[in-house]
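**Q** got a predicted model here, sequence first, then my questions.
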Amino acid sequence: MDFKEIENKVIRFRDERNWAQFHQIKDLLLGLNIEVGELQELYLWKSTEQQTQIDPEKIKDELADIAIFLMYISRHHNIDLLEAISAKIDKNAAKYPVEKSLNSNKKYNEL
């Protein structure tokens, strides 16, 4: 299944339940933040060893929830998410050329 098929599946799921009425941009952004918080919560107060024992299925579910909210938000703004990601990588490549940023954690304006 390609990205567009998955995105359409997500939107179809929402639309079959008539949930778009609840998807104001404010609520989508809050939902995204909550899902990121749920992913973070899996790691909260865990030692490095304990982090390696987190159930991968729980991580997968939270990542999926985050991706779903990103799809809703990008659809709300008529943004092709994969295109936006590709363009952002290109912008970052210009800001962080390999010859200056390799093995460096400096921000682009400090390189």
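**A** It's in.

**Q** which stretches of this structure form helices?
**A** Along the chain, counting by DSSP state H, helices occupy 3-16, 25-43, 48-51, 56-76, 81-95, 98-101.

**Q** tell me the most buried of those helices?
**A** The highest average neighbour count among the helices of the chain, using mean count of other CB atoms under 10 Å, belongs to helix 56-76 at a mean of 16. For glycine as for every other residue, the C-beta is placed from the backbone atoms N, C-alpha and C.

**Q** could you say what helices and strands that helix packs with?
**A** helix 3-16, helix 25-43, helix 81-95 (3 or more CB pairs under 8 Å, 6 or more residues apart in numbering; DSSP states H and E).

**Q** out of the ones you listed, which is closest to Ile68?
**A** Proximity to Ile68 (CB to CB) singles out helix 3-16 among the helices and strands packed on helix 56-76, at 5.4 Å.

**Q** if you skip the residues just before and after it, what's nearest to Arg14?
**A** The spatially closest residue to Arg14, leaving aside those adjacent along the chain, is Ala20, at 5.9 Å (CB to CB, 6 or more residues apart in numbering).

**Q** would TSV of the helices and strands packed on helix 56-76 with mean pLDDT be doable?
**A** Shown next, in TSV, are the helices and strands packed on helix 56-76 (pLDDT from 0 to 100):
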stretch	mean pLDDT
helix 3-16	97
helix 25-43	98
helix 81-95	97
